[in-house]
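Asks: Just a sequence and a predicted model for now, questions to come.
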Amino acid sequence: MAEAAKNTVTLNIIQVGLGLLTLVGLFYTIRYTRITADAAVAGTKVAERALTQLEAPFLAVHFVEQGINAKTVHGIVFDDLKYCIRNYGRTPAHIVELDDFVTCLEIGAQPGPMNPDRRGRPMPYGVIAPPDADTQEFSTVTHVDLFGGESGRSIGDVVNVAFFQGFVRYRDIFDDRYIFGFCFVFDLKGNRWVLMGGDEHNYCKKDESPEPPNTAVPSGDPRSVRSSLNMAFLRSRNG
């Protein structure tokens, strides 16, 4: 009888031990599952950041024709300013809206930041800035009064300074909207446009303005998505 009772106690101890081992195993299983889940979430965030930030479009203004030339035999001359948007990023940017203008202020003055809710010119469907490439050319007039109404032509007669401001609204491959703002001042001595202002003038950020109108109109840009598809279709039809 005593031997049977001893065996029963031993069996109970073994069962309790097995139960404790099961609980310990369950604890480590839950902990490992949580660590694995956290690692998966962290990996997803890294991948998302790589796509949305590291692979995102990176836009800049590229001047084709400056529109102002301060180094001619006839003094300062004006013409249309021509430029394009260059994408230094790894994914394309779909240009939705564009606004630009050239103005002048007295020497020493600076233009204020543009209204973030201001609307630009809607771009036709398919105007894009491809990765490591340019959009089509855009132009604006530069006939500003640098001489304060006088008939001067040389740098010594200048009393005003020319500024080139604008913004580009665009979408990335995830259809998220961004706005890229820029501001340049014309350096007469260097005969070139140079960036000026702070983050309120030059920026790239999420666009919080109302959704722009849909302008699903084919573009004449030969580098646009629509033009590329049309060209491929014509080639297939013509063999």
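Replies: Ah, there it is.
Asks: and residue 142, helix, strand or coil?
Replies: coil (DSSP: H, G, I helix; E, B strand; the rest coil).
Asks: Tell me the pLDDT of it.
Replies: If you check residue 142, the pLDDT there is 89.
Asks: I'd assumed residue 76 was in contact with it.
Replies: No - the criterion here is CB atoms under 8 Å, and residue 142 misses it with residue 76 at 10.5 Å. For the C-beta atoms, the positions are set from N, CA and C on the backbone; glycine is no exception.
Asks: Find the residues that touch each one of those two.
Replies: Shared between the contact lists of residue 142 and residue 76 (criterion: CB atoms under 8 Å, 6 or more residues apart in numbering) are residues residue 68.
Asks: Show me which strand runs longest in this protein.
Replies: As assigned by DSSP state E, the longest strand anywhere in the chain is strand 93-106.
Asks: In its sheet, which strands sit next to the next helix or strand after it, and in what direction?
Replies: As assigned by DSSP states H and E, the chain's next helix or strand after strand 93-106 is strand 121-122. Strand pairing for strand 121-122, determined by DSSP bridges: strand 93-106 (antiparallel).
Asks: Could I get the CA-only coordinates of the partner strand as CSV?
Replies: These are the backbone C-alpha positions of strand 93-106, laid out as CSV (Å, rounded to 0.1, in the frame of the first residue of the first chain):
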residue,chain,number,x,y,z
ALA,A,93,6.3,61.1,-61.5
HIS,A,94,2.9,61.8,-63.2
ILE,A,95,2.7,65.6,-63.6
VAL,A,96,-0.8,66.8,-62.6
GLU,A,97,-0.5,70.6,-62.3
LEU,A,98,2.0,73.2,-63.1
ASP,A,99,2.3,76.9,-62.2
ASP,A,100,5.1,79.3,-62.9
PHE,A,101,5.7,83.0,-63.3
VAL,A,102,8.5,85.5,-63.4
THR,A,103,8.2,88.7,-61.4
CYS,A,104,10.6,91.5,-60.2
LEU,A,105,11.1,93.3,-56.9
GLU,A,106,13.3,96.0,-55.7
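Asks: By mean pLDDT, flag the weakest helix or strand of this structure.
Replies: When the helices and strands of the chain are compared on mean pLDDT, DSSP states H and E, helix 225-237 comes out lowest with a mean of 46.
Asks: need the strands for this structure, in chain order.
Replies: Using DSSP E, strands in the chain cover 59-65, 68-69, 77-78, 81-87, 93-106, 121-122, 128-129, 133-134, 138-140, 160-171, 177-187, 192-195, 203-206.
Asks: And the fourth one, what does it pack against?
Replies: It stands for strand 81-87. Here strand 81-87 touches strand 59-65, strand 93-106, strand 128-129, strand 133-134, strand 138-140, going by 3 or more CB pairs under 8 Å, 6 or more residues apart in numbering; DSSP states H and E.
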